[in-house]
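# next come a sequence and a model predicted from it.
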Amino acid sequence: MKFASGTTPEETRAVKAWQTAIGSYPDNSVGPQVVVDTLAALGVKVWPLNVNIFKQPLIVAEDILPAAVDAPLKAYANAISGSFSYQRRPCSILVAHGKVVCGYACHAHLRKPETVLYRLENGTVGVQKARYATELPQAVRWAVGGVGLLEAYDPAEEGFSGAYADVLRRTAHTWLGVKRGLIYLGYCADMTGAQVNAHVRKLGMEHAIMLDGGHVAAINGAESKINIGQRQFFIVQAVQEGEK
């Protein structure tokens, strides 16, 4: 879409006030982020919605369905590649439909936790560093583990150092975040872990985790289709609230 901005001091002040009020980055630029944040603030139901913000694609949804799969992402609409997998199975905390699919953090063998983004059956969304799914609150609807972002960003604490620091390199990454009760499923091209962290912070995420990256990173949105032929073993799919 074409961007608009204030061209006088008063217009600029008004645009930045608008952006600040709805939680957008106050850069005097009215574009997709302002549109999405305004829709969210007004309670307009257009989700899942695939847009590009700050030149990176994402899908905004009311809820998600994470899953262990064995198929390329092209089989799953409104989805991104998920968190870590090993030997064709998830190896990062994954709870789906209230059932534990993978019960341990990717570096639990090193006695390291990972940051887990979860939603309870009552709708509450939160994050927690955990080594095992048993450490999470009761009545978890879904949970996805990954690299903590925002205030939780401390890769070494989670075992992403030395031989395991490769996930932080400059490459493609996917991430999962929460803002104003909506779930964001994002894809970042050619970024380091630190740059992904800065990106989600600029987007105003309240909670966020980085998922796996490199050759598996993929997004299958209505308009953003990147690497959708790559075989996946862990995905996150955007859905409407209550969709099974």
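That came through fine.

# low pLDDT regions in this structure?
Where the chain drops to pLDDT under 70, the residues are 244.

# state the distance from Ala133 to Tyr187.
26 Å (C-beta to C-beta, to the nearest Å). Quick note: C-beta positions are derived from backbone N, CA and C, even for glycine.

# which residues of this protein fall in helices?
Secondary structure of the chain by DSSP state H: the helices cover 9-22, 32-42, 193-202.

# wait, doesn't Ala130 sit right on Pro113?
Yes. Ala130 is within contact range of Pro113, at 5.4 Å (criterion: C-beta atoms under 8 Å).

# and for those two, which residues touch both?
By C-beta atoms under 8 Å, 6 or more residues apart in numbering, Ala130 and Pro113 have these common neighbours: Ala105.

# buried ones in stretch 136-154?
By 16 or more other C-beta atoms under 10 Å, the buried positions in stretch 136-154 come out as 136, 140-150, 152-153.

# now distance to Gly82 too, for the residues you listed, in a markdown table please.
Shown next, in a markdown table, are the buried residues of stretch 136-154 (distance: C-beta to C-beta, whole Å):
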| residue | distance to Gly82 |
| --- | --- |
| Leu136 | 17 |
| Val140 | 16 |
| Arg141 | 16 |
| Trp142 | 11 |
| Ala143 | 12 |
| Val144 | 7 |
| Gly145 | 10 |
| Gly146 | 9 |
| Val147 | 13 |
| Gly148 | 16 |
| Leu149 | 16 |
| Leu150 | 20 |
| Ala152 | 18 |
| Tyr153 | 19 |
